[in-house]
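# Quick one: sequence and predicted model below, then my questions.
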Amino acid sequence: MAKIAVIGAILEDPKKANECFNEVVSEFRGIVKGRMGLPMPEHNLGVISLTVMGELDEINSFVGKLGKIEGVSVKTAFSKKDF
């Protein structure tokens, strides 16, 4: 059963973390349905929201890989409904 989730990520030093972050997102591009980014150069931050749809294990794997990137904080909200 698939779930829809929203992944919120804060990149604390976007110049350092952006390349690794984009590589992981590319690896999971099949489940990514939307992406919105908000650069905040005055605070040396980047805020990214990803909407994904996939199996729970796949989404958790994605979030786990993003969370292992130095300088990246990640939180996820899942749909209660299965698809």
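That came in fine, so what should we check first?
# which SSE is residue 66 in?
Using DSSP states H and E, residue 66 maps to helix 56-67.
# got it, and residue 52?
Here residue 52 sits within strand 45-55, counting by DSSP H and E.
# Sheet-wise, list the partners of that strand with their directions.
Sheet pairing of strand 45-55 (DSSP bridges) gives strand 2-11 (antiparallel), strand 32-40 (antiparallel).
# list the buried ones in the lengthiest helix in the chain?
When the chain is parsed with DSSP state H, its longest helix is helix 14-27. If you call a residue buried by 16 or more other CB atoms under 10 Å, then helix 14-27 has these buried ones: 14, 17-18, 20-21, 24-25. All C-beta spots, glycine's among them, are computed from the backbone N, C-alpha and C.
# okay, now residue 29: neighbour count?
By the measure other CB atoms under 10 Å, the count of residues near residue 29 is 8.
# Report the angle between the helix holding residue 66 and strand 45-55.
Here the directions of helix 56-67 and strand 45-55 differ by 160 degrees (axes from the mean of the first three to the mean of the last three CA atoms, to 10 degrees).
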